[in-house]
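J.: sequence below, structure please.
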Amino acid sequence: MSGMLGVVSYGLGTIVGLVLVAFLVIVFIQDITQKKHTVLRNYPVIGHLRYFLEKQGEYFRQYFFMNDREELPFNRATRGWVYRLAKAEGGVIGFGSTNNTNEPGSILFVNHPYPVLEEDRLPTPPLAIGEGFCKEPFLARSIVNISGMSFGAISEPAVRALSRGAALAGCWMDTGEGGLSPFHLEGNCDVIMQIGTANYGVRDRDGNFSAEEVKEVAARPQVKAFEIKLSQGAKPGKGGVLPAAKVTEQIARIRGIPPHQDSISPNRHRDVANVNQLLDKIAFIRELTGKPVGVKTAIGGWQFVNELCEAVNRRGAEYAPDFLTIDGGEGGSGAAPQALMDHMALPIAEALPRVIDSLIESGLRSRVRVIAAGRLVTSARAAWALCVGADFVNTARGFMFSLGCIQALRCHQNTCPTGVTTHNPRLQRGLVVDEKFQRVANYALGMNKEIDMIAHCCGCRHARELRREHVRIVQTAGHSVALNIMYPYPEPNAKRKAA
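T.: Model (predicted):
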């Protein structure tokens, strides 16, 4: 009996060996005869190892070879901080910081010798958007809010968890350009409806802007404001891209487009070719809906904001956008060409002061609320934005981390391993809405709490008292400069040349 088993095992082993040899021969012939890959043509079979290692290299580097502060777009220390905040585990560490405070660009807050006592602290007040110019102004309660992420770019359970978490934390949720879905409304949170260049969710059958659709969206009590998206930090000058694999029947229905085809937005609104047309559209939507209307844009220089402010002053404050969402060139939670992602538009560190200064100079700062976005996922970066002059902070990737994102860099491939940016039901199964919505709320509440903590250490009673003199920026090793020296507050009604 044992001899028979040995013969069978020997026979199976021989068959497996022959199949393996045949497979290697076939691969060898294919590699040496193909003309596309030089490495495989010169090193058949074994050359595949090179492509395997290249593909896996980014994941090995992430966990084994890079230190906690090296990786981009977000290093391990930053991701770990967000994860702890989302789990309500606190942001306390021991033995010292791994942050290199001598590195140019580092943020150093100016601690006050007599910080604010607990009994003297005040709650950070909400701010009204559109007050005095809208029938239904929006009272925004949270400093930190959810930036635009379209249903389509992110999954159904991700949108549901964000909506429920935003309602619990009291922050708003921006729909992104993909339109308003039932999942945005599920949690009954405050929603900002974004109108992108393709008019998804507010378009007629020909893809044109539809006033009737806008009125229908505005009738939803959760929709508090509208945001006209001119551009985003990841790809200013190019429209949004949703690959065909992610355009499901449901998403196509919400957007008003054919299913299973690439969804590519125009690179700008067809009815907005200059600042006057932009102001006309703002005024039209505001009058149509009775709700605040703002603009989202990346910034390339002084010209756009200066022209906008000059046109508003010429036509009247009622034509001004109720808010400006300024996206830095380092923004980008979705798919974008690398040439644009790497090199187009100013980073938020330079763009935000330019916008604030232009508004001050034109006398419009009190009229227009400013929302800052662009890799502002930590409380320190958000507090910096308030010091510069922003009223609110939007983050997309910070909330993606709170949902469990591990920075796998597969957002555009429909293969996200954590279910955040995929429509594969098997992968979505890992994102449990009943668990993750609480982490979304924890992250928002924790961010607001830590921003206030920074403000108290600077001698401010609440976060909205932060000013440029409360933060310094490291220029070279061992030398920092106060932000109000780098960007001195301009005189109101002063004029600046375009640059």
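J.: could you confirm Glu350 falls within a strand?
T.: No: the assignment for Glu350 (DSSP: H, G, I helix; E, B strand; the rest coil) gives helix, which keeps it out of a strand.
J.: burial count for it?
T.: The local packing of Glu350 (other CB atoms under 10 Å) involves 14 other residues. Using the backbone N, CA and C atoms, a C-beta is placed for each residue, glycine as well.
J.: pLDDT score assigned to it?
T.: We have a pLDDT of 93 for Glu350.
J.: and Gly6, by the same measure?
T.: 57.
J.: next one: His260
T.: Value for His260, per-residue pLDDT: 87.
J.: ok, Lys495 next?
T.: Note on Lys495: pLDDT of 57.
J.: Glu58 too?
T.: 60.
J.: 513 is where my numbering starts, stick with that
T.: Let's use 513 as the start, then, which means that last one is Glu570.
J.: in this protein, spot the helix with the most residues.
T.: helix 514-545 (DSSP state H).
J.: right, and the helix or strand after that helix?
T.: helix 550-554 (DSSP states H and E).
J.: contacts for that next one?
T.: Outside helix 550-554, the residues that touch it by CB atoms under 8 Å, 6 or more residues apart in numbering are 543-544, 546-547, 559-560, 562-563.
J.: most widely separated two among those residues?
T.: Lys547 and Arg562 (17.5 Å; CB to CB).
J.: neighbour count winner among these two?
T.: Ranked by neighbour count (other CB under 10 Å), Lys547 and Arg562 place Arg562 first, with 13 against 7.
J.: so what's the more buried one up against?
T.: Taking CB under 8 Å, 6+ apart as the test, what Arg562 contacts is 551, 555.
J.: try Ile776
T.: Contacts of Ile776 by CB under 8 Å, 6+ apart are 751-754.
J.: how far is stretch 896-914 from where the chain is centred?
T.: 9 Å (CA atoms, centre = their mean, to the nearest Å).
J.: quick check: end-to-end length of it?
T.: Its start and end residues considered, stretch 896-914 measures 21 Å (CA to CA, to the nearest Å).
J.: go on, stretch 907-920?
T.: 18 Å.
J.: where does the closest residue to Met998 other than its chain neighbours land in three-state SS?
T.: Leaving aside its sequence neighbours, Met998 sits nearest to Ile985 (CB to CB, 6 or more residues apart in numbering; 6.3 Å). Recorded secondary structure, Ile985: strand (three-state DSSP).
J.: thinking Ile985 is in contact with Ile997, fair?
T.: No: Ile985 lies out of contact with Ile997 (CB atoms under 8 Å); the separation is 9.4 Å.
J.: pLDDT-wise, which helix or strand of this protein ranks last?
T.: In the chain, no helix or strand scores lower on mean pLDDT, DSSP states H and E than helix 560-572, which sits at a mean of 67.
J.: which SSE is immediately downstream of it?
T.: Next along the chain after helix 560-572, with elements defined by DSSP H and E, is helix 588-598.
J.: before we move on, the earlier item: so Ile985 and Ile997 - more neighbours on which side?
T.: Ile985 (18 against 11).
J.: and that one, how far from Leu597?
T.: 24 Å (CB to CB, to the nearest Å).
J.: how about Ser654?
T.: Ser654 is 15 Å from Leu597, by CB to CB.
J.: try Phe564
T.: For Phe564, the distance to Leu597 - CB to CB - is 36 Å.
J.: circling back: of Ser654 and Leu597, who's got more company?
T.: Counting neighbours by other CB under 10 Å for Ser654 and for Leu597 shows that Leu597 has the greater number, 26 against 20.
J.: correct me, but the more buried one touches Met959?
T.: Yes: under the criterion of CB under 8 Å, Leu597 makes contact with Met959 at 7.0 Å.
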